[in-house]
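Asker: Got a sequence here, can you model it:
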Amino acid sequence: MQGTVKAFDAQTRSGSVLLDDGTELPFDAEAFAAGGLRLLRFGQRVNLALDGERVSVVTLSTFPLPTPPA
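Answerer: Numbering: from 1, shown residues only. Next up is the predicted model:
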C-alpha cells in the first residue's frame, strides 16, 4: 500500500500519511524504525505495511518492504 506523508515529527519519530482515497493513517516510532529511515518530509511518497489496522512499517517507495517473520 502507498501513501503520502502528511505529517512527521522528528523528535517522536511518528506522524501520519494520506492514502490515495484521502484516508489518514497515523504511524508510530516503531513503524518508522521498521522501515530503516532517518527522516521523512511532507509530501514524500511512502510504502506502508499494515498489521490489522495499525501501520507496522513505513519506508520510501523505492525501498522494498521487509519480509514479515514466519
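Asker: Please count neighbours and contacts with C-alpha atoms only from this point.
Answerer: Noted.
Asker: if I look at the residue most central in space within the chain, how far off is T4?
Answerer: The centre of the chain sits closest to V58, judged by Cα atoms, centre = their mean, with a distance of 2.6 Å. V58 sits at a distance of 11 Å from T4 (criterion: Cα to Cα, to the nearest Å).
Asker: repeat for E53
Answerer: 17 Å.
Asker: Which one's more surrounded, the two?
Answerer: More crowded of E53 and T4, by other Cα atoms under 10 Å: T4, with 21 against 8.
Asker: confidence score at that one?
Answerer: pLDDT, T4: 96.
Asker: all helices for this protein, in order.
Answerer: 29-34 (DSSP state H).
Asker: where in the protein is pLDDT low?
Answerer: 64, 67-70 (pLDDT under 70).
Asker: just so I have it, where are all the strands in it?
Answerer: Taking DSSP state E, the strands of the chain run over residues 2-9, 14-19, 24-27, 45-51, 54-60.
Asker: if we can go back for a sec, where do the contact lists of V58 and T4 overlap?
Answerer: V46 (Cα atoms under 8 Å, 6 or more residues apart in numbering).
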